[in-house]
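# pasting the structure only:
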């Protein structure tokens with residue numbers, strides 16, 4: 001008796017033949033997984049520790065602030081340029097003024113030397129005092145006494161003289177009365193020489209004829225110099 005067995009029935013595929021199923025390679029799975037994890041970690045780090053991303057409003061505000069800062073910078077630079085220009089002009093003016101001042105000082109020195117020469121040529125005070133009254137002139141001007149007085153010390157006198165001048169006026173009133181009046185004292189100060197000038201009112205229409213100059217040292221009652229001068233017309 002022949003042995004009998006069953007064979008599996010052949011089931012064709014839709015394409016007429018069978019195909020073994022294929023799996024995704026392991027290395028590809030690992031690579032994709034690493035890319036996904038790396039991208040996620042990078043996003044996490046940027047979000048947690050990286051700079052904060054700006055919104056549209058914040059970005060516009062940042063651009064506005066930047067433009068304002070640039071405008072302020074330009075304005076300040078213009079002011080700096082203007083100040084530098086003004087400073088240059090001031091320096092130039094200062095140089096001109098300094099030069100003019102030096103010229104004026106030199107001119108003043110020459111003038112003082114000329115005055116010293118002329119003053120030295122004047123006759124000395126008849127009394128020989130120092131300071132001496134080298135010259136004086138008086139005039140009646142509109143009921144006032146106009147005066148000019150030159151006082152000098154000897155060349156070997158280097159200390160400063162501080163004192164007062166008193167004018168004693170001999171004059172005549174309109175009614176014919178002749179009187180002597182003492183005018184108020186006024187201060188003087190000199191090293192080698194000084195010239196004092198001015199006007200002092202005369203009372204009640206008095207017309208001066210002669211003036212006696214009296215020089216007192218500060219704090220002293222004794223006369224340091226005196227001289228009588230006739231009033232000019």
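Thanks, I have the structure now. Just so it is clear, the model here is predicted, and its values are computed rather than measured.
# all contacts plus neighbour counts: C-alpha atoms, from now on.
Will do.
# how about low-confidence regions in this protein?
1-22, 42-54, 119-120, 158 (pLDDT under 70).
# Spell out the secondary structure type for the spatially most central residue of it.
What sits nearest the mean C-alpha location of the chain, by C-alpha atoms, centre = their mean, is residue 90, with 10.7 Å. Under DSSP: H, G, I helix; E, B strand; the rest coil, residue 90 falls in the helix class.
# And it, how close does it get to residue 84?
Computed as C-alpha to C-alpha, to the nearest Å, the residue 90 to residue 84 distance reads 10 Å.
# what does residue 64 give?
Using C-alpha to C-alpha, residue 64 is found at 30 Å from residue 84.
# burial count for residue 206?
Residues lying near residue 206 (other C-alpha atoms under 10 Å) number 24.
# er, residue 124 I mean
18.
# Just want the phi and psi numbers for it.
In this entry, residue 124 is assigned phi and psi values of phi -70, psi 170 (degrees, to the nearest 10).
# Isn't it up against residue 134?
Yes: under the contact definition of C-alpha atoms under 8 Å, residue 124 touches residue 134, with a separation of 5.5 Å.
# Now the common contact residues for these two.
With contacts defined as C-alpha atoms under 8 Å, 6 or more residues apart in numbering, no residue is adjacent to both residue 124 and residue 134.
# can you pull out the strands in this protein?
132-141, 144-152, 161-172, 178-182, 186-190, 193-201, 207-217, 223-230 (DSSP state E).
# Could you pull out the buried residues of stretch 151-159?
Applying a neighbour-count criterion of 16 or more other C-alpha atoms under 10 Å, the buried positions in stretch 151-159 are 151, 152, 153, 154.
# Nearest spatial neighbour of the first one, chain-adjacent residues omitted?
So the one you mean is residue 151. residue 133 (4.8 Å; C-alpha to C-alpha, 6 or more residues apart in numbering).
# can you list the domains in the chain?
For the chain, the domain assignment from automatic domain parsing gives the residue ranges 55-121, 132-230.
# where's the longest one relative to the chain centroid, distance-wise?
Domain 132-230 sits 44 Å away from the centroid of its parent chain (C-alpha atoms, centre = their mean, to the nearest Å).
# That domain spans what distance, first to last residue?
18 Å.
# Same check on stretch 193-210?
Counting by C-alpha to C-alpha, you get 24 Å between the two ends of stretch 193-210.
# mind listing what's buried in that stretch?
Buried residues in stretch 193-210, defined by neighbour count with 16+ other C-alpha under 10 Å: 193, 202, 206, 207, 208, 209, 210.
# Adding distance to residue 71, write the residues you listed out as JSON lines.
Formatted as JSON lines, these follow (distance: C-alpha to C-alpha, whole Å):
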{"residue": "193", "distance to residue 71": "66"}
{"residue": "202", "distance to residue 71": "74"}
{"residue": "206", "distance to residue 71": "79"}
{"residue": "207", "distance to residue 71": "79"}
{"residue": "208", "distance to residue 71": "79"}
{"residue": "209", "distance to residue 71": "82"}
{"residue": "210", "distance to residue 71": "81"}
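# and the two most separated of those residues?
Put simply, by C-alpha to C-alpha the two of the buried residues of stretch 193-210 set farthest apart are 193 and 206, 31.3 Å from each other.
# Residue 95: what's it in contact with?
Contacts for residue 95 were tallied using C-alpha under 8 Å, 6+ apart; there are none.
# Now do residue 128 against residue 217, distance only.
16 Å.
# Kindly report the same for residue 147.
20 Å.
# One more: residue 29?
Distance of residue 29 to residue 217, given as C-alpha to C-alpha: 121 Å.
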